[in-house]
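1. Let me see the structure of the following:
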Amino acid sequence: MSDDQDRRHDPEGPEWLHDADSDAHDEDEQLDLGDQPGDSRHAVVPAREALPERIYLLPIHNRPFFPAQVQPLVINRERWEETIQRVAKTPHHTVGLAFVGEAAIDGLAHGDFPEIGTAVKVHKLQGEENQIQFIAQGMQRFRIQRWISRKPPYLVEVSYPREPVDAEADEARAYAMSLINGIKELLPINPLYGEELKHYLNRFSPHEPGPLTDFAAAITSAKGRELQDVLATLPVLARMQKVLPLLRKEIEVAQLQSEISDQVNAQMQERQREFFLREQLKVIQRELGISKDDRENDVDTFRDRLESLVVPPRVLTRIEEELDKLAVLETGSPEYGTTRNYLDWLTSMPWGVHSQDQLDLAHAREVLDRDHDGLADVKERIVEFLAEGTFKGDVGGSILLLVGPPGVGKTSIGRSIAEALGREFYRFSVGGMRDEAEIKGHRRTYIGAMPGKLVQALKEVEVENPVIMLDEIDKMGQSFQGDPASALLEVLDPEQNVDFLDHYLDVRLDLSKVLFVCTANTLDSIPGPLLDRMEQIRLSGYIAEEKLAIAKHHLWPKLLKRANIPKKRINLTEAALRQVIEGYAREAGVRQLEKQLHRIVRKAAVKLLENDQQSAKVSVKNLEEYLGAPLFRKEQVLKGEGVVTGLAWTAMGGATLPIEAGKVHSLTRGFKLTGKLGEVMQESANIAYSYVLGHLAEYGADADFFDSAFVHLHVPEGATPKDGPSAGVTMTTALLSLAKHHSIDRPLAMTGELTLTGQVLPVGGIREKVIAARRSGIFEVILPDANRRDYEELPDHLKEGMTVHFARRYRDVARVVFG
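-> Numbering: from 1, shown residues only. The predicted structure follows:
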């Protein structure tokens, strides 16, 4: 920074800085380091002039400063301005540089400073906004003798130790020659070393071993502590012995860096050469008519694709317009890339390409039975669906919705449907989707625009009539970007999807040949208009026998094959497999069962390897060694006065729901509900209480029982939220059991909604509830009479051994329960 520039920033400028400049020009030339050796005004000071006994100290961090160096330094203005002011006012303009390493500036103590440092002359002092810059000319080593000021500005009394050396000794000359040769090796590798050598030769003779050693150390990239050790070594011969290994290491690093640079340059030159040759070859081939440019290649590629397609006239007109546009655009323009991508998508659509449907019911049954155990009713529905398509000639334009708890095989059934029909299969999940552009595509005006998922599916499967599965359709989101559920209304409507419009393609697509299969866990979150367009097929949970068959025929062989373990090396007994199902995997699906079987495979593999066994047997006795203690204990049906077992439906399948009613005291009349019950369930409890209160005498109970009884109704487990109307009959039976002092001693479960007049209304989830009762060992249930049809449609293996009572009014329930 010049004086004029500094004054523009600070009109007055620091007075000490101007004084330093005037001192440099008027009194002495020592504060101006020039580049013209012939001009005495720009020459550096002699290396051996007298130095002061008291000097100010400046700490430096990166590496120590050597007497043989001339180098610019930058320091913090705010922290060291006062020190530099005082140095500038001294006649000798000398400051001491001491290496303090990583020590923090704020916490510096005199003990952090080394004993040996370097005295330097300050030249060309310049002040900037937050910094002070000057050129430091290394003069001589100093040793701190006494501290005069231990706080900034640091002032010390120093001595200048002698550096003993016998320059004529053979050993010293040998080391000096080695150092000179090392410096010569470095010069061709890095030109920067040449600049530093020029400054050194202006001040010292190359035959002076002390400065030569310091210069050699200064040009290395050694660590600060190593260089400080060199600086503190006064005998020149010992110093040479320390510097020579550092210099050799620097040469090795520089040579390696040079080799790497040469390799990179060679590779770059080779690539450039190949590029130029290829460009020349293209020009030559074009002149000879042998090849075409990129634009002609693209146009020909798109036209070749169209030859095998049956493109609708309106779409063909759009493609021809875009091809004409592409032919006049420059290949480097952004619009060329946009148009090319658009044509790539248009010509990649399977216009008029269909796969032949395999409408063979025997083949369909074979595929479904091979891939799935159980689900007989679901398979029958699918076969009926295919049979209808046989008469129509195709099954296009249909939308199936598979509803069921997680892990019951909804996605795999979709794959089986595609295989049974001989169609291509494409699956994508719409769970969490919030942007309708995922369905209908982005408009081409946006950067990075893409077609929707349906267009991408057709491009990948390369036919117009695939089976497309929309997974997790009940978990779609909604945001300010649009409502994808509403966008699906057009997709899943056979009357509308014949002319589906994707925003990116901007031409009509025929989706009426596509068979859409959707999956969901519940129907509550699916919009009504969307649900109305789909044919529902319910998949309920599996009972233990079905899970056993699935594990034996599918899960266990698949896990062994995945682990590449021969079947004979791990023997899982059927009893152990049943215990896994009953004690560790009671959910409606088989996903948890597969995880537990996978744990067995992993632990058995460890035993086979560590114990050098040929086989491992997993039985009921040692099952806990593999899976730990069972997660589920055998459900005990609760018994006693006021205790009744109900049946409930959840998104995970059916479950038993015990309900307890107890008399707390006879001081006052009251009714209390616990068990985290929802509003509907609380209303069912109040209806049950009112109904029992008004009909005690009719059912043979004490008519005055509730007049002075405080009754508490609880539905375990308390932390699980519960809601729904189907517990009304169960709650009424619990209250009546309490009033009659009559406990239900046999395993019996029931479900149904109750009105104030005692009518039993129908409920849902009959299949799941029957499965839950069987799982708990309950084979006698009470169902609403209106659900008789639902029960009769259940598979025979679910109804086998069951005793079912159908009730129209509550008196039918009471007759079964109390006799």
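2. how long is stretch 581-590 end to end?
-> 9 Å (C-alpha to C-alpha, to the nearest Å).
3. hmm, I was thinking of stretch 351-370
-> 34 Å.
4. Pull out the buried positions in it.
-> Using 16 or more other C-beta atoms under 10 Å as the test for burial, stretch 351-370 gives 351, 355, 357, 359, 364-365, 367-368. Backbone N, C-alpha and C define where each C-beta goes, glycine included.
5. Ramachandran angles for the residue lying closest to D506 once chain neighbours are set aside?
-> Excluding the flanking residues, the one nearest D506 by C-beta to C-beta, 6 or more residues apart in numbering is R444, at 7.2 Å. Note on R444: its backbone torsions stand at phi -70, psi -10 [degrees, to the nearest 10].
6. excluding its backbone neighbours, what's nearest F99?
-> P64 (3.8 Å).
7. correction: D502
-> Closest to D502 by C-beta to C-beta, 6+ apart is G441, at 4.4 Å.
8. Rounded mean pLDDT for the longest strand seen in the chain, please.
-> In the chain, with assignment by DSSP state E, the single longest strand is strand 131-149. For strand 131-149, mean pLDDT is 89.
9. Return the list of helices and strands in contact with that strand.
-> strand 70-76, helix 77-89, strand 94-99, strand 116-127, strand 154-159 (3 or more C-beta pairs under 8 Å, 6 or more residues apart in numbering; DSSP states H and E).
10. Count the neighbours of the spatially closest residue to A520 that is not a sequence neighbour for me.
-> Nearest residue to A520, sequence neighbours excluded (C-beta to C-beta, 6+ apart): D474, at 3.8 Å. Using other C-beta atoms under 10 Å, D474 is surrounded by 20 other residues.
11. residue ranges of the strands in the stretch 501-650 of the chain, please?
-> In the stretch 501-650 of the chain, the strands defined using DSSP state E, counting those that start in this stretch lie at 508-509, 515-520, 535-538, 570-572, 616-618, 643-650.
12. Could you say which one of those comes nearest to Q759?
-> Comparison of the strands of the stretch 501-650 of the chain against Q759 by C-beta to C-beta identifies strand 643-650 as nearest, at 18.0 Å.
13. Check which strands are paired with the closest one and give the direction for each one.
-> Strand 643-650 pairs in its sheet with strand 653-665 (antiparallel), strand 749-750 (parallel), by DSSP bridges.
14. Buried ones in the helix or strand that the first one is followed by, by neighbour count?
-> Counting by DSSP states H and E, the next helix or strand C-terminal to strand 653-665 is strand 670-674. The neighbour-count criterion (16+ other C-beta under 10 Å) identifies 671, 673 as the buried residues of strand 670-674.
15. now the angle from whatever helix or strand R815 lives in to strand 643-650?
-> Element membership of R815 [criterion: DSSP H and E] is helix 810-818. Between the axis of helix 810-818 and that of strand 643-650 there is an angle of 120 degrees, by axes from the mean of the first three to the mean of the last three C-alpha atoms, to 10 degrees.
16. Give me the mean pLDDT for stretch 406-413.
-> On average, stretch 406-413 scores 86.
17. now that stretch: how far from the chain's centre is it?
-> In terms of C-alpha atoms, centre = their mean, to the nearest Å, the centre of stretch 406-413 is found 26 Å from the chain centre.
18. hmm, who's touching that stretch?
-> 368, 371-372, 375, 378, 382, 402, 404, 427, 469, 471, 519, 521, 539-542, 587-592, 652 (C-beta atoms under 8 Å, 6 or more residues apart in numbering).
19. let's go with 6 Å and repeat that
-> For stretch 406-413, the external contacting residues (C-beta atoms under 6 Å, 6 or more residues apart in numbering) are 372, 402, 404, 519, 539, 589-591.
20. Just the terminal-to-terminal distance for it.
-> 13 Å.
21. Ok, stretch 432-451 next?
-> OK, stretch 432-451 end separation, C-alpha to C-alpha: 19 Å.
22. quick one: buried residues of that stretch?
-> So for stretch 432-451, counting by 16+ other C-beta under 10 Å, buried means 433, 435-442, 444, 449-451.
23. and what of stretch 315-322?
-> 315-316, 318-319, 322.
24. what's the answer for stretch 747-756, then?
-> In stretch 747-756, counting by 16+ other C-beta under 10 Å, buried: 748-754.
25. Okay, and which of the residues you listed map to strands?
-> 749-750, 753-754.
26. Torsion angles phi and psi at the nearest residue to E624 once chain neighbours are set aside?
-> Of all residues beyond its chain neighbours, the one nearest E624 is P630 (7.8 Å), with distances taken as C-beta to C-beta, 6+ apart. Dihedral pair for P630: phi -60, psi 140, per degrees, to the nearest 10.
27. can you offset everything so residue one is 35?
-> Sure thing, new numbering starts at 35, so read that last one as P664.
28. Got the confidence number for P664?
-> For P664, pLDDT reads 85.
29. Would you check that my belief about it contacting G617 is correct?
-> Yes: using C-beta atoms under 6 Å, P664 makes contact with G617 at a distance of 3.3 Å.
30. neighbour count winner among the two?
-> Taking neighbours as other C-beta under 10 Å, P664 and G617 compare with G617 leading, 19 against 14.
31. Does the residue nearest to F133 lie in a helix or a strand, and which?
-> Going by DSSP H and E, P98 is not in any helix or strand.
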